[in-house]
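S.K.: here is a sequence with its predicted model. Questions after.
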There are 2 protein chains.
Amino acid sequence: MSDLLISAIEKHISLTAKEKEQFLSLLQSKKIRKKQYFLQEGEVCKYTAFVNKGCLRSYIVDNNGFEHILQFAIEGWWVGDIMSFKNETPSTQNIDALEDTEMLLLTREGQQQLFDQCPKFERYFRIIMENSLIAHQTRILENISMPAMERYKNFAKRYPAFIQRLPQTQIASYLGITPEFLSKIRHQMMYQKP
Amino acid sequence: MSDLLISAIEKHISLTAKEKEQFLSLLQSKKIRKKQYFLQEGEVCKYTAFVNKGCLRSYIVDNNGFEHILQFAIEGWWVGDIMSFKNETPSTQNIDALEDTEMLLLTREGQQQLFDQCPKFERYFRIIMENSLIAHQTRILENISMPAMERYKNFAKRYPAFIQRLPQTQIASYLGITPEFLSKIRHQMMYQKP
DNA sequence: CAAAACTCTTAATCTAGTTTAAGAGTATTT
DNA sequence: AAATACTCTTAAACTAGATTAAGAGTTTTG
C-alpha cells in the first residue's frame, strides 16, 4: 500500500521503523476515477498527493478555454498546487485523473507536524523540491531555445513511459503546441529518422 | 556586509546570535566586474552565491550561438547552477555579471556542514526552493499559454526594477523572443495603451 | 449495440514571431 | 577625442506553428 512511497523516501534519507510509522499515520489514502477532479481552480489545495497507481495531470485553462498542462504525475510522483498548498490561497490550477488513480494524501498540518517531530523529512522535501526545480529549469530553457520537434524528441527520451501511456493531445498541451502540429511533427519524423 | 543576507533569512526562520555567526563563518565574499564570468559552461559550480550588490544572469548558449536567459539575480537573490552544484557535474549554464557585483559564496561542503550542525537551515533552503519552483511553474505556464506581449507585460509588472535596469536585449532573451520583436511589441504598446 | 464523444490525421489558409539588413544614438575602450 | 562596440529601432521577406475544417478510427456511454 505504501511500499512505493517508503522506498521513494529512502532513496534520499534513511528512516527507522518508528519514523516510518509516524509518517504513515499522517497519510490518508484516496482513489479517484478517470476524469474526476482532485483539485479545481478556485479551491484551496488541501493536500499534496503521492501517486501509488494511475495518472493525473495539473493544468490551467486560458481565457479562450484552452488547456495548458504543467505536469503529469504517475506512480512514484507527488502532485498538488504548491502555491495554493503553501499559502492556503485559491488554486489557479486544475488537477484531474487521466486514469483510475490511487494516492496517499498529506495535509499541510500533517506536513508541518512531521517537520517539527522529525526534521529529517525537511531534508527529504528540500531534495525533491530541488529536483523538481532542476526539471523545471530544463523545461524553460528547452521551451525558449528549441523548436517543437526537438522538444518532442527530448520529452520522448526523458519520459518514454508517458509516450505510450498518454494521448497525443495531452502531450501537445504539455509541449505548448497544438495536437495538429504534433501530428505533423510525428509524420515528419517518420520520413527523416535514420 | 551581510545584513541583507541575514534579514533575508530571518524572513523565513529565526536565528540566534550563535547561529548567525556559525553561518557567516562559512561564507566568503567575492567581487566581480561587469562582463566577468562567475561560472562557465563545463566547469563544476562550486558555490551558490547570494548577491549583495549588482546584477548577474544565468544562461545557456544554443547550437547557433544564441543566448537564452534562465535567470537574472540582483541584490537579495541567490544564483548558481543548482544541478551542477548538487551533483558536482559540469555545468551547462554560464553565469556572468551585467554590472559590477558583490556576493557571498557558500560551498557545497559548507552547506552540508550547516545542515548537519543546524537543521533549521534545511528549512530555509527548502522554503526558497519552494518559492523558486512556484516562480518557475508560473513562467512555464505563461510561456506555453500567452503571446509575447502578455508575457512582457507580466514581466514588467512582476519585476519593475529589472525593466529600468536591464538592456532590452537581455529581457527579450529571457522572454524567449528576439530583441527586434520586443522592440515592435513596445511600439505597439504605446499606441494601444489607453 | 447504437450513438455520442473522443483521438488522430491531412491539408489549406493565416499569423505571431524570426531573419536579415541598415541606420541612428550611446557607451566603452584606447 | 576618435574609434570601436554595443543598444534600440524600423521595415521587408520569410517560416514555424496556429486555425479551421473535415473525415476515418477508436472508446465510452446510455
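M.R.: Looks like it arrived, so ask away. Numbers count the residues shown, from 1 in each chain, chains lettered A, B, ... in the order given.
S.K.: how much space between the residue nearest in space to the middle of chain A and chain B?
M.R.: Among the residues of chain A, the one closest to the centroid is residue A:73, at 3.6 Å (Cα atoms, centre = their mean). As defined by Cβ to the nearest Cβ, to the nearest Å, residue A:73 lies at a distance of 14 Å from chain B. From N, CA and C alone the C-beta is placed, and that goes for glycine too.
S.K.: assign that residue to helix, strand or coil.
M.R.: Following DSSP: H, G, I helix; E, B strand; the rest coil, residue A:73 is assigned to strand.
S.K.: what segments of chain A are helices?
M.R.: Taking DSSP state H to define them, one finds helices in chain A at A:3-10, A:17-24, A:82-87, A:108-117, A:120-145, A:148-158, A:160-165, A:168-175, A:179-190.
S.K.: what is the burial count for the closest residue to residue A:45 other than its chain neighbours?
M.R.: Spatial nearest neighbour of residue A:45, chain neighbours left out: residue A:84 (3.8 Å); criterion: Cβ to Cβ, 6 or more residues apart in numbering or on different chains. Neighbour count for residue A:84, taken as other Cβ atoms under 10 Å in any protein chain shown: 21.
S.K.: so which bits of stretch A:93-105 are buried?
M.R.: Neighbour counts over stretch A:93-105 (16 or more other Cβ atoms under 10 Å in any protein chain shown) mark A:93, A:94, A:95, A:96, A:97, A:98, A:101, A:102, A:103, A:104, A:105 as buried.
S.K.: kindly check the end-to-end length of it for me.
M.R.: Criterion Cα to Cα, to the nearest Å; first-to-last residue distance in stretch A:93-105 is 18 Å.
S.K.: mean confidence score for it?
M.R.: Averaged over stretch A:93-105, pLDDT sits at 96.
S.K.: how about that stretch and DNA strand D, touching?
M.R.: No - counting by Cβ under 7 Å from any atom of the strand, DNA strand D has no neighbours in stretch A:93-105; the shortest distance is 8.8 Å.
S.K.: can that stretch be found next to DNA strand C?
M.R.: No - Stretch A:93-105 stays clear of DNA strand C (Cβ under 7 Å from any atom of the strand), getting no nearer than 8.2 Å.
S.K.: got the helices of chain A as CSV, with distance to residue B:148 and mean pLDDT columns?
M.R.: Putting those into CSV (distance: least, Cβ to Cβ, whole Å; pLDDT from 0 to 100) gives the following:
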stretch, distance to residue B:148, mean pLDDT
helix A:3-10, 39, 96
helix A:17-24, 45, 96
helix A:82-87, 24, 98
helix A:108-117, 36, 96
helix A:120-145, 11, 98
helix A:148-158, 16, 98
helix A:160-165, 28, 94
helix A:168-175, 18, 98
helix A:179-190, 18, 96
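S.K.: distance to residue B:134 added to these, as a markdown table?
M.R.: Below are those laid out as a markdown table (distance: least, Cβ to Cβ, whole Å):
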| stretch | distance to residue B:134 |
| --- | --- |
| helix A:3-10 | 22 |
| helix A:17-24 | 25 |
| helix A:82-87 | 5 |
| helix A:108-117 | 15 |
| helix A:120-145 | 10 |
| helix A:148-158 | 22 |
| helix A:160-165 | 23 |
| helix A:168-175 | 19 |
| helix A:179-190 | 28 |
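S.K.: any idea how far stretch A:181-188 is from the middle of the chain?
M.R.: What separates the centre of stretch A:181-188 from the centre of its chain is 26 Å, taken as Cα atoms, centre = their mean, to the nearest Å.
S.K.: return that stretch as PDB; C-alpha atoms alone will do.
M.R.: Written as PDB, here are the backbone C-alpha positions of stretch A:181-188 (Å, rounded to 0.1, in the frame of the first residue of the first chain):
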ATOM      1  CA  PHE A 181       1.100  20.300 -35.200                       C
ATOM      2  CA  LEU A 182       2.300  17.400 -33.100                       C
ATOM      3  CA  SER A 183       0.800  15.100 -35.600                       C
ATOM      4  CA  LYS A 184       2.700  16.900 -38.400                       C
ATOM      5  CA  ILE A 185       5.900  16.600 -36.400                       C
ATOM      6  CA  ARG A 186       5.500  12.900 -35.900                       C
ATOM      7  CA  HIS A 187       4.800  12.500 -39.600                       C
ATOM      8  CA  GLN A 188       8.000  14.400 -40.500                       C
END
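S.K.: check whether it contacts DNA strand D.
M.R.: Yes - contact between stretch A:181-188 and DNA strand D, assessed by Cβ under 7 Å from any atom of the strand, occurs at residue A:181.
S.K.: now do the buried residues in that stretch.
M.R.: Buried residues in stretch A:181-188, counted by 16+ other Cβ under 10 Å: A:182, A:185.
S.K.: ok, back up a step: out of the buried residues of stretch A:93-105, list just those in strands.
M.R.: Per DSSP state E, strands hold the following members of the buried residues of stretch A:93-105: A:94, A:95, A:96, A:97, A:101, A:102, A:103, A:104, A:105.
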